[in-house]
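Asks: Compute the structure for the input listed below.
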Amino acid sequence: MPALPSWLTEPLWDQFAALLPQRPEFDPAHPLGCHRRRISDRVVFDKLLQVLRFGCSYEAIADSACSATTIRSRRDEWIRLGLFAELKQIALDAYDRIVGLVLDQIAVDGAITKAPGGGEAAGRSPVDRGKQGMKRSGMTDGYGIPLGRVLAGANRHDSPLLAPTLDLLSELGPLPDEITVHLDAGYDSANSRAVLAERGLHGRIARKGIKAPVQATHRWHIERTHAWQNAFHRLTRCYERRTRVIEAFFDLADTIITVRSLIRRAWTIHRWAARPRRRP
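Replies: Model prediction:
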């Protein structure tokens, strides 16, 4: 069963394949020169998409074409090369060039998910009877395109994570002169306002004690993005223990969300050879 439709996986793979280093078909260090062929990168990439989308273990997704050990080792190799982060940045640049990021309206919010295996980014969850959980402090543009996130234990409050999350804006290049940051009532404190003032950002913060629908403003975009990310079951119930592996899966998920939004929004105004016959 494919993890994603072909109109989405093909452009993802084409760009990812362009980032891969050239490798020989056989291991040149083998003394007889007859080592087994290297497992295709495309096979491993498709396996990682299935792990991300379905949340299954590496052993469950392995088969005669590719073992769980190969999936893990190739994953770690690509993480060391920074390919997932680079792929995400390329997708963001393409979206900004074709559609345009709405960077004058930014939304930041936290989301708690399960982390049954514990690990570097896990902590006692206050909403799950103290079980291990993970919090992500995510940031999106005015449409909901994910711009970055900070991972922490589920027992961390949203407010202290605001500063490192906003610092990710420096990686986006030139920014508008005036940026409004939309926050929920969890950030209604003097410390959050000081963090915004230090960075020259305007804050639109929901007030405590006032019902959310009255002052929802643009925050629904990041709530929708959290729902998009939670559709990837590897992120919703995370068994990875190392932060850099979790970040890699988040980068891959954010790339999928960005490319999917790009295709959907460009479908009505652009034409290209592989354009889906129906609007995705």
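
Asks: If we ignore the residues flanking it in sequence, what's nearest Tyr239?
Replies: Take Tyr239 and drop its neighbours on the chain: the residue closest to it by Cβ to Cβ, 6 or more residues apart in numbering is Gly117, 4.4 Å away. In short, each C-beta sits where N, CA and C put it, glycine included.

Asks: That neighbour contacts Gln132, correct?
Replies: Yes - under the criterion of Cβ atoms under 8 Å, Gly117 is in contact with Gln132, at a separation of 7.3 Å.

Asks: When those two are compared, which one has more neighbours?
Replies: Gln132 (19 against 12; other Cβ atoms under 10 Å).

Asks: State the phi and psi torsions of that one.
Replies: Its backbone dihedrals place Gln132 at phi -70, psi 130, with angles given as degrees, to the nearest 10.

Asks: from now on call the first residue 789
Replies: Noted, 789 is the first residue going forward, which turns the last one into Gln920.

Asks: Mind listing the strands the worst-scoring helix or strand of the chain on mean pLDDT pairs with, and their directions?
Replies: Per-element confidence for the chain was summarised using mean pLDDT, DSSP states H and E. The lowest value among helices and strands belongs to strand 990-993, with a mean of 90. Here strand 990-993 is paired, per DSSP bridges, with strand 968-971 (parallel).

Asks: which residues are contacting the partner strand?
Replies: Contacts with strand 968-971, where a contact means Cβ atoms under 8 Å, 6 or more residues apart in numbering, come from 892-897, 950, 954, 980, 984, 989-994, 1005-1007, 1010.

Asks: Filter these down to the buried ones.
Replies: Buried residues within these, counting neighbours by 16 or more other Cβ atoms under 10 Å: 893-897, 950, 954, 980, 984, 989, 991, 993-994, 1006-1007, 1010.

Asks: would you list every one of the strands in the stretch 839-988 of the chain?
Replies: For the stretch 839-988 of the chain, the strands defined by DSSP state E, counting those that start in this stretch cover 893-902, 911-912, 920-928, 934-941, 968-971.

Asks: Could you look over the ones you listed and pick the most buried one?
Replies: Burial among the strands of the stretch 839-988 of the chain, expressed as mean neighbours by mean count of other Cβ atoms under 10 Å, is greatest for strand 920-928, which shows a mean of 24.
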